[in-house]
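> Build me a model from this:
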Amino acid sequence: MINEIIVGIIAERIIKKRFNPKTNEVFTIYDIIHAGYKIAIENYIIEHSEAV
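Predicted coordinates:
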């Protein structure tokens, strides 16, 4: 089960280039290990980013 709130939080951290509290480095999509979350976050970024 994918938690959409978590997806939004992580995706916003990636979009805004915020730090991953676990690594103290900029959050990237490659930090996501769970395949279901990775897909959900990628979809969120596509839907909410300003990229075409």
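
> What's the biggest helix in this structure, counting residues?
What stands out as the longest helix in the chain, according to DSSP state H, is helix 35-48.

> who are the neighbours of it, in terms of helices and strands?
Contacts defined by 3 or more C-beta pairs under 8 Å, 6 or more residues apart in numbering; DSSP states H and E place helix 35-48 against helix 4-15. (C-beta placed from N, C-alpha, C; glycine too.)

> picking that back up, go through the longest helix of the chain and flag the buried ones.
Under the neighbour-count criterion of 16 or more other C-beta atoms under 10 Å, helix 35-48 has Y37, K38, A40, I41, Y44, I45 buried.

> can you list contacts of the worst-scoring helix or strand of the chain on mean pLDDT?
Using mean pLDDT, DSSP states H and E, the weakest-scoring helix or strand in the chain turns out to be strand 19-20, at a mean of 90. Strand 19-20 has contacts (C-beta atoms under 8 Å, 6 or more residues apart in numbering) with R13, E25, V26, F27, D31.

> Ok, stretch 42-49 next?
Residues contacting stretch 42-49 (C-beta under 8 Å, 6+ apart): V7, G8, A11, I14, I15, I29.

> One more: stretch 23-34?
Contacts of stretch 23-34 (C-beta under 8 Å, 6+ apart): I10, R13, I14, K17, R18, F19, N20, K22, K38, I41, E42, I45.

> residue contacts, I2?
G36, Y37, A40.

> Just the pLDDT at the last one, thanks.
Note for A40: predicted pLDDT of 97.

> Can you tell me how far it is from I10?
According to C-beta to C-beta, to the nearest Å, A40 stands 9 Å off from I10.

> got any ranges where the chain has weak pLDDT?
Within the chain, the stretches with pLDDT under 70 are 51-52.

> quick one: contacts for the residue nearest the centre of it?
For the chain, the residue nearest the mean C-alpha position is A11 (2.8 Å; C-alpha atoms, centre = their mean). Contacts for A11 (C-beta under 8 Å, 6+ apart) come out as I41, Y44, I45, H48.
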